[in-house]
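A.B. asks: What shape does this take:
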Amino acid sequence: PENPVVSIIIVVITVVIAVALLSYVNAITKPLRDKYQHEKLMSSLTVACPLKGLTFPSKPETLKWNGTTWEFFKGRVLLDLAYPWGLLGVSLLKTPLLKLASIGGVYFLSFFVVFLSSVLYLRWWRLAALSLFLGLFWGLFYSPGKPSGHVRVAVLQPNVLPRFRFDPKEWREVERAYSQLLEELKGEELDLVVAPESAFPGIHEHSDRSKGIVLKIVKTLKAPLLFGSAAAERRGGRYVFYNRAYLVDTSGRVLGSYDKVQIVPFGENLPFYEHLPEFLRELDLGQGKYHRGGGFYPLKLNGLALGVMICYESIFPHIGRETVLKGANVLVNITSDGWFGRSLGPVEHYHLGMVRTVESGRAMIRAAKTGISAVVDADGRPLKELGLYERGYILVDVPLYTAQTPFVRFGYIFTWVVFFTALTLQPLLLLKR
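C.D. replies: Predicted structure coming up:
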């Protein structure tokens, strides 16, 4: 809003709501203070949820609600501040139970983990056995359908570390890396080439050097290229910046682009920056000045509909779902994970994104600047991977799917039911104590 008074009122209301929500979360997690009951419950969760450092309420009847409710709150309800990292449901990765994500997304997986843990704690053996049997039955027999076709894709991993500031040596390293990869790939018949986020330094549309290397790639490999770069557009006397994915044809002409929507709070911009008054937007807390894109949609090319997710957008279930609803027949995640260094960050980011394939019933192409690059099928199984800090490429015939999973069709219906039921029941259960 242009009126500064209205802007200040919005900020105050936002702060009040945030404080109220935090107070509520503190209230519903109060049972954790009963240490003896908490430790007993944690010991019963060892098999069902082998994750360290997690905390649960002491009463098992509230456990199944708190787990899903809190994850959904922090991963979706918080909007710009949402951060669905380290969810319980991801512990089912590389098990048949992962396919339950096709029903209600990763939050349904989390509910299943906590529900099963609760009934085991209560020694309701028949209900536990029935739940596990139904989960395994779905996991072993559910299928996203037969592929409607395949495309031959090359994924490029240049293994060039990100820079915190301008480095004249970066371009030489980038050119050397792509020249090496092109020499190794020369002669391959390809339908698409995918390069990572921030594939080349600077702003692509304002860089002859960037345009030159893009043209070299598409001419050498004789295939369209999808890659990530910063973008700048002049509006109202100033430049507006975007984190953008470009799709170009074999002549270097831009066929389409997608601008990142779920921008990193305090990294790429301030959260809710559109609603902040001017003086707050101009605060320099070390964040970037990237603006969010206009929505989620696939980039289309010769029967391909690419559902692009830039960087950590791959950890949000609703993004993959929305692109599939708009026609995407394959997901693409371009990212630059070199900022994590040699930590578990890049591995966790990769694993969190793998769940999107099962939720959406689509294969995923992942191009990471320093790794992990991969192609994952619609069942969540890696077809090929390229590890951290390796320079190389992946060649894969990627399957295309058109069928919709229950999660794509119905979205978060189950999760919203759990969420609002928890909001209703939790105060009553606490009062009974």
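
A.B. asks: Against residue 95, how distant is the spatially closest residue to residue 406 that is not a sequence neighbour?
C.D. replies: In space, and not counting its chain neighbours, residue 406 is closest to residue 103: 5.1 Å by CB to CB, 6 or more residues apart in numbering. Yep, even glycine has a C-beta here, placed from its N, CA and C like the rest. To residue 95, residue 103 is 15 Å away according to CB to CB, to the nearest Å.

A.B. asks: These two: which is more packed in?
C.D. replies: Neighbours were counted for residue 103 and for residue 95 using other CB atoms under 10 Å; residue 103 has more, 19 against 13.

A.B. asks: how about that one, what does it touch?
C.D. replies: 138, 405, 406, 407, 414 (CB atoms under 8 Å, 6 or more residues apart in numbering).

A.B. asks: if I look at it, how far off is residue 408?
C.D. replies: 11 Å.

A.B. asks: Backbone dihedrals for residue 231, both of them.
C.D. replies: phi -130, psi 150 (degrees, to the nearest 10).

A.B. asks: show me what contacts it?
C.D. replies: 203, 204, 205, 241, 242, 243, 244, 257, 259.

A.B. asks: Specify the beta-bridge partners of it.
C.D. replies: residue 242 (DSSP bridges).

A.B. asks: how would you label residue 91: helix, strand or coil?
C.D. replies: helix (DSSP: H, G, I helix; E, B strand; the rest coil).

A.B. asks: try residue 297
C.D. replies: Residue 297 ends up coil, using three-state DSSP.

A.B. asks: Next, find the distance separating it from residue 231.
C.D. replies: The value you get for residue 297 to residue 231, if CB to CB is used, is 16 Å.

A.B. asks: residues touching the closest residue to residue 264 other than its chain neighbours, list them.
C.D. replies: Excluding the flanking residues, the one nearest residue 264 by CB to CB, 6+ apart is residue 312, at 6.5 Å. By CB under 8 Å, 6+ apart, the contact set of residue 312 is 262, 264, 335, 349.

A.B. asks: Next, count neighbours for the residue nearest to the first one when sequence neighbours are not counted.
C.D. replies: Once its chain neighbours are removed from consideration, residue 262 has its nearest residue in residue 313; the separation is 4.8 Å (CB to CB, 6+ apart). Here the number of neighbours of residue 313 (other CB under 10 Å) works out to 24.

A.B. asks: In contact with residue 313, which residues?
C.D. replies: Residue 313 sits in contact with 260, 261, 262, 319, 333, where contact means CB under 8 Å, 6+ apart.

A.B. asks: re earlier: over to the residue nearest to residue 264. Which of the three states is it?
C.D. replies: helix.

A.B. asks: coming back round to it: of the contacts of residue 231, buried ones?
C.D. replies: 203, 204, 205, 241, 242, 243, 244, 257, 259 (16 or more other CB atoms under 10 Å).

A.B. asks: The first one and residue 233 touch, don't they?
C.D. replies: Looking back up the chat, that one is residue 203. No. Between residue 203 and residue 233 there is no contact under CB atoms under 8 Å: 10.2 Å.

A.B. asks: Confidence-wise, which helix or strand of this protein is lowest on average?
C.D. replies: Taking mean pLDDT, DSSP states H and E as the measure, helix 35-44 is the helix or strand of the chain with the lowest mean score, a mean of 40.

A.B. asks: returning to that earlier point: mind checking how far the residue nearest to residue 262 is from residue 70?
C.D. replies: For residue 313, the distance to residue 70 equals 22 Å [CB to CB].

A.B. asks: any weak-confidence spans in the protein?
C.D. replies: Residues of the chain meeting the criterion pLDDT under 70: 1-67, 164-166, 426-433.

A.B. asks: what about 50?
C.D. replies: Where the chain drops to pLDDT under 50, the residues are 1-2, 16-17, 19-25, 27-65.

A.B. asks: quick one: the strands in it?
C.D. replies: Secondary structure of the chain (DSSP state E): strands at 149-157, 192-194, 225-235, 238-248, 254-259, 299-301, 304-310, 330-335, 364-368, 373-376, 382-386, 392-400.

A.B. asks: With distance to residue 112 added, can I get these in TSV?
C.D. replies: TSV is the format used below for these (distance: least, CB to CB, whole Å):
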stretch	distance to residue 112
strand 149-157	32
strand 192-194	33
strand 225-235	35
strand 238-248	34
strand 254-259	33
strand 299-301	34
strand 304-310	25
strand 330-335	23
strand 364-368	22
strand 373-376	21
strand 382-386	23
strand 392-400	27
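
A.B. asks: wait, which of those strands is closest to residue 282?
C.D. replies: strand 238-248 (12.0 Å; CB to CB).

A.B. asks: ok and that closest one relative to strand 254-259, angle-wise?
C.D. replies: 130 degrees (axes from the mean of the first three to the mean of the last three CA atoms, to 10 degrees).

A.B. asks: from the chain's centre, how far out does strand 238-248 sit?
C.D. replies: 20 Å (CA atoms, centre = their mean, to the nearest Å).

A.B. asks: Which elements pack onto it?
C.D. replies: strand 225-235, strand 254-259, strand 299-301, strand 304-310 (3 or more CB pairs under 8 Å, 6 or more residues apart in numbering; DSSP states H and E).

A.B. asks: Repeat the analysis, applying 10 Å as the threshold.
C.D. replies: Here strand 238-248 touches strand 192-194, helix 208-221, strand 225-235, strand 254-259, strand 299-301, strand 304-310, strand 330-335, going by 3 or more CB pairs under 10 Å, 6 or more residues apart in numbering; DSSP states H and E.

A.B. asks: ok, so what distance separates residue 161 from residue 95?
C.D. replies: 34 Å.

A.B. asks: scratch that, residue 221
C.D. replies: In terms of CB to CB, residue 221 sits 38 Å off from residue 95.
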